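S.K.: what shape does this take:
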Amino acid sequence: MAQLSLGILYSDGKGVQRDLVQAYKWIALAEPNLPETFFLLLGGVSPLREVEKLMTPSEILLGKRLVQEWEPKRE
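M.R.: Down below sits the predicted model:
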């Protein structure tokens, strides 16, 4: 959920400069881990698809690349 929250903050520009590519990255990383009930509460709406509607095709490609390159920190 933290990744989703961070993505929404980037999408809305709350507390951080609005950055749809970063929003895409964090939401895309979060969505596979969200429970099915989360999407049901949203009426079946995907937060990632909503962000994509605001992005250019090149921004989406960059976001996808950032998702592929992301690795969690090892402690």
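S.K.: pull the residues that contact the worst-scoring helix or strand of the chain on mean pLDDT.
M.R.: Least confident helix or strand, the chain: helix 36-41 with a mean of 76, by mean pLDDT, DSSP states H and E. With Cβ atoms under 8 Å, 6 or more residues apart in numbering as the test, helix 36-41 has contacts from V45, S46. C-beta here means a position set from N, CA and C on the backbone, and glycine is covered the same way.
S.K.: alpha carbons of that helix, as PDB, please.
M.R.: Backbone C-alpha positions of helix 36-41 (Å, rounded to 0.1, in the frame of the first residue of the first chain) are rendered in PDB as follows:
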ATOM      1  CA  GLU A  36      -9.100  -7.900  -5.200                       C
ATOM      2  CA  THR A  37     -11.400  -6.100  -2.800                       C
ATOM      3  CA  PHE A  38      -9.400  -2.900  -3.300                       C
ATOM      4  CA  PHE A  39     -10.500  -2.800  -7.000                       C
ATOM      5  CA  LEU A  40     -14.000  -3.700  -6.100                       C
ATOM      6  CA  LEU A  41     -14.200  -0.700  -3.800                       C
END
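S.K.: chain center to it: distance?
M.R.: Here the centre of helix 36-41 is set off from its chain's centre by 16 Å, with Cα atoms, centre = their mean, to the nearest Å.
S.K.: cool, stretch 32-40 as well?
M.R.: For stretch 32-40 - counting by Cα atoms, centre = their mean - the centre lies 14 Å from the chain centre.
S.K.: what residues sit buried inside that stretch?
M.R.: L34 (16 or more other Cβ atoms under 10 Å).
S.K.: can you get me the start-to-end distance on it?
M.R.: 15 Å (Cα to Cα, to the nearest Å).
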